[in-house]
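In: quick one, fold the following:
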Amino acid sequence: MSKINRYLASLSIILPLASCSGFLEPKSENEFVPTSVQDIDEMLLYETYNNARSIATIPFFDLLSDDVAVVRFQSTENNLLTQVHLASIKALYTWQPDAYKTLEEDRVSDEVYDIYAGCYARILGCNAALDYIGKVSGTEEEKSRVMAEAHALRAFYYFHLVNCYGHPYNADPESPGVPLHLESKVSSVSIPRNTVSEVYEQVLKDLLEAESLYENVQEEDRWKSNMRVSLPFVQLLLSRVYLYMEDWEKASGYASKVIGNGNFRLKEIAEFPQDGSYPYYHTYTNPEVIWPYGNAAEFRDFVDPYMINIALGGKVSFVIASPDLVNKFSAGDVRLSAYFIRDPRSSAFKAYGKQAVTGNSNDPDANYKFARSFRISEAYLNMAEAEAMLFKLGKGDTHRQEAVRLLTLLRSKRISGSSETDIDQRTPDMLVRSVRDERRRELCFEDHRWFDLRRQGMPAIAHEWKGDNSDATVSRYTLKQNDPMYTLQIPKEVMLKNSLLEQNEGGPARVD
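Out: Model prediction:
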């Protein structure tokens, strides 16, 4: 085993148990002290990048949103063909406060759904890189790039955490967020939750530091198609953070920087498949992709369960794309065939998309690593929404014109024959709604919808549970406006380990 591999192997064991100062002091010949920036860089890749970890961070968000629905369950055909069985899917789909308990009783591994642990495990690696990079050899440029990545990734994971377990920023920024742990030393001392506002401040601090550090890196090294975060990733995430904070001018400004980056462009209509095939979008062969991440295995068991239906010839999807989402697409919109994957044995669309598929059931192809990506189309939508909101706030008609220009340009790459006249801009509110509807269409199946619903006022949404083929009833469950279950419960295991944590309000069990 090479020295760096010994180091990585020992690090994965030592980090959860002791301070990082411990891992830098070899206790046996099988442990390796990193001495160069390359060692820290490899540790960062191994410990912090989403695809390098087994604990999921993006498992079930579409199941919570209004972008999915379920069909009637065929109870005579044993159980669902998935590791996450009917009770667990129903608990999440109907926003039950004790959904994690149901998953545990269903014997679903916590690595499948424990977003909290998944993010903090990666944050620990970011902290280790930042704490110890000053103690190793290497050029200032090399160290700047590694530090920039560590700051950017830590910001990404904290932003994800606070939007899972804290209230939306625009609803209550002083409410509990998540604990900020910014050093690699692991302590048994409990720490309380920082406020949502404090977590956002740290996210911005990390991202702005990363942006500054990239100035020390040669321009050609600020973005490469190498699966690493980069300067345009930082700028797009800054645009997203400011959008959530409703700082419209900064959201627009950072989105504009991404749009102006010559490494990326929107796909043309002619580049979308015309033969009914399903391309893979989260790859650098897609000119829109800035950074791919995640793994299809993280969400598959939640949104791709099957029933065996002999009459239809085999496996049939149980969770599908909601009619409400499908009906948002107009004639001539290439995305309805390109972004959505059909169930080959029914007329429904599956509850995931933008994936390469394989087999006679159109399952996600395991040969393709990534499940999600940061894409330039989000920059257009962030900027368009920010400009529409500035127009709504009375900042001038030039903001309306810019929002319409951006939206028209994006739609021209997606919808044959589209034009500016298709955009409803009769009032500022209608223009904002047009942008947000386009956002739902363009970013479907990429985990945006659940978080957009949160920041857009936490509206009431309903899911129907249709029982099985021996029960004709339809149960309707409602997530009420401002419902406490718009914020996830903290897993029980986490609460037991940190006595100062306070649990989020869940409310009573959801009933029909």
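
In: use CA for all of it now, contacts and neighbours both
Out: Will do.

In: for I58, what are its contacts?
Out: Taking Cα atoms under 8 Å, 6 or more residues apart in numbering, we find I58 in contact with 115, 294, 298-299, 447.

In: for it, give me phi and psi.
Out: When read as degrees, to the nearest 10, the backbone of I58 gives phi -130, psi 50.

In: do I have it right that V334 meets F272?
Out: Yes: here V334 reaches F272: they are 7.3 Å apart, a contact under Cα atoms under 8 Å.

In: pull up the overlap in contacts between the two.
Out: Joint contacts of V334 and F272 (Cα under 8 Å, 6+ apart) do not exist.

In: quick one: which of the contacts of I58 is nearest D468?
Out: F299 (23.8 Å; Cα to Cα).

In: quick check, that closest one in a helix?
Out: Yes: the assignment for F299 is a helix, going by DSSP: H, G, I helix; E, B strand; the rest coil.

In: need the contacts of I58 in TSV (columns: distance to G394).
Out: Formatted as TSV, these follow (distance: Cα to Cα, whole Å):
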residue	distance to G394
I115	40
G294	40
E298	43
F299	42
D447	31
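
In: tell me the buried residues within those residues.
Out: Neighbour-count burial (16 or more other Cα atoms under 10 Å) is assigned, among the contacts of I58, to 115, 294, 298-299, 447.

In: which of the contacts of I58 sit farthest apart?
Out: With distances taken as Cα to Cα, the most widely separated pair in the contacts of I58 is I115 and D447, at 13.5 Å.

In: save the contacts of I58 as JSON lines, and put in pLDDT and distance to H160 too.
Out: Shown next, in JSON lines, are these (pLDDT from 0 to 100; distance: Cα to Cα, whole Å):
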{"residue": "I115", "pLDDT": "94", "distance to H160": "9"}
{"residue": "G294", "pLDDT": "88", "distance to H160": "13"}
{"residue": "E298", "pLDDT": "84", "distance to H160": "15"}
{"residue": "F299", "pLDDT": "85", "distance to H160": "16"}
{"residue": "D447", "pLDDT": "95", "distance to H160": "11"}
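
In: and the residues you listed, which is closest to T35?
Out: Scanning these for proximity to T35, where the rule is Cα to Cα, the winner is G294, at 30.0 Å.

In: for the stretch 51-200 of the chain, what spans make up the helices?
Out: Per DSSP state H, counting those that start in this stretch, the stretch 51-200 of the chain carries helices over the ranges 61-64, 86-93, 99-105, 115-132, 140-165, 196-214.

In: oh, I was asking about the stretch 301-450 of the chain
Out: Counting by DSSP H, counting those that start in this stretch, the helices of the stretch 301-450 of the chain are 323-326, 335-338, 376-392, 397-412, 428-442, 448-455.

In: tell me the most buried of these?
Out: Per-stretch averages of neighbours, counted by mean count of other Cα atoms under 10 Å, single out helix 376-392 among the helices of the stretch 301-450 of the chain, with a mean of 26.

In: that one - contacts with which helices or strands?
Out: Packing partners of helix 376-392 (3 or more Cα pairs under 8 Å, 6 or more residues apart in numbering; DSSP states H and E): helix 231-245, helix 248-259, helix 397-412, helix 428-442.

In: of all those helices, which lies closest to G313?
Out: That would be helix 428-442 among the helices and strands packed on helix 376-392, by Cα to Cα, at 31.5 Å.

In: that closest one - what's its average pLDDT?
Out: Across helix 428-442, pLDDT averages out at 98.

In: picking that back up, between the helices of the stretch 301-450 of the chain, which one is closest to V71.
Out: Nearest of these to V71, taken as Cα to Cα: helix 323-326 at 11.4 Å.

In: what sits up against stretch 82-98?
Out: For stretch 82-98, the external contacting residues (Cα under 8 Å, 6+ apart) are 60, 63-64, 79-80, 99, 102-103, 106, 108, 301-302, 304-306, 463, 465, 477-479, 485, 489, 506-510.

In: ok, 7 Å please
Out: By Cα atoms under 7 Å, 6 or more residues apart in numbering, the list of residues contacting stretch 82-98 from outside reads 63-64, 80, 99, 102-103, 106, 108, 301-302, 305, 463, 477, 485, 489, 506-507, 509-510.

In: start to end distance for it?
Out: Length of stretch 82-98, first residue to last, Cα to Cα, to the nearest Å: 21 Å.

In: make 26 the starting number, not 1.
Out: Will do, 26 is the new start, and the previous item becomes stretch 107-123.

In: quick one: it to chain centroid distance?
Out: Mean C-alpha position of stretch 107-123 versus that of the full chain (Cα atoms, centre = their mean, to the nearest Å) differs by 20 Å.

In: on that earlier part again, closest to Y377 out of the buried ones among the contacts of I83?
Out: The nearest member of the buried ones among the contacts of I83 to Y377, counting by Cα to Cα, is F324 at 8.8 Å.

In: which one is that closest one nearest to, not counting chain neighbours?
Out: Closest residue to F324 apart from its sequence neighbours, by Cα to Cα, 6 or more residues apart in numbering: P84 at 4.3 Å.

In: check contacts around the one you found.
Out: P84 neighbours (Cα under 7 Å, 6+ apart): 137-138, 323-324.

In: count of neighbours near S213?
Out: 9 (other Cα atoms under 10 Å).

In: check what pLDDT it gets.
Out: S213 carries a pLDDT score of 77 in this model.

In: how much space between it and E72?
Out: 21 Å.

In: then A376?
Out: Separation of A376 from E72 (Cα to Cα): 30 Å.

In: just I401 next, same as before
Out: Taking Cα to Cα, one finds I401 at 27 Å from E72.

In: and if you look at N529?
Out: In terms of Cα to Cα, N529 sits 29 Å off from E72.

In: the two: which is more packed in?
Out: The neighbour comparison of N529 against E72 (other Cα under 10 Å) goes to E72, with 24 against 18.

In: correct me if wrong: the more buried one contacts G150.
Out: Yes: E72 is in contact with G150 according to Cα atoms under 7 Å; the separation is 5.2 Å.

In: show me the contacts for I148.
Out: 73, 179, 182.
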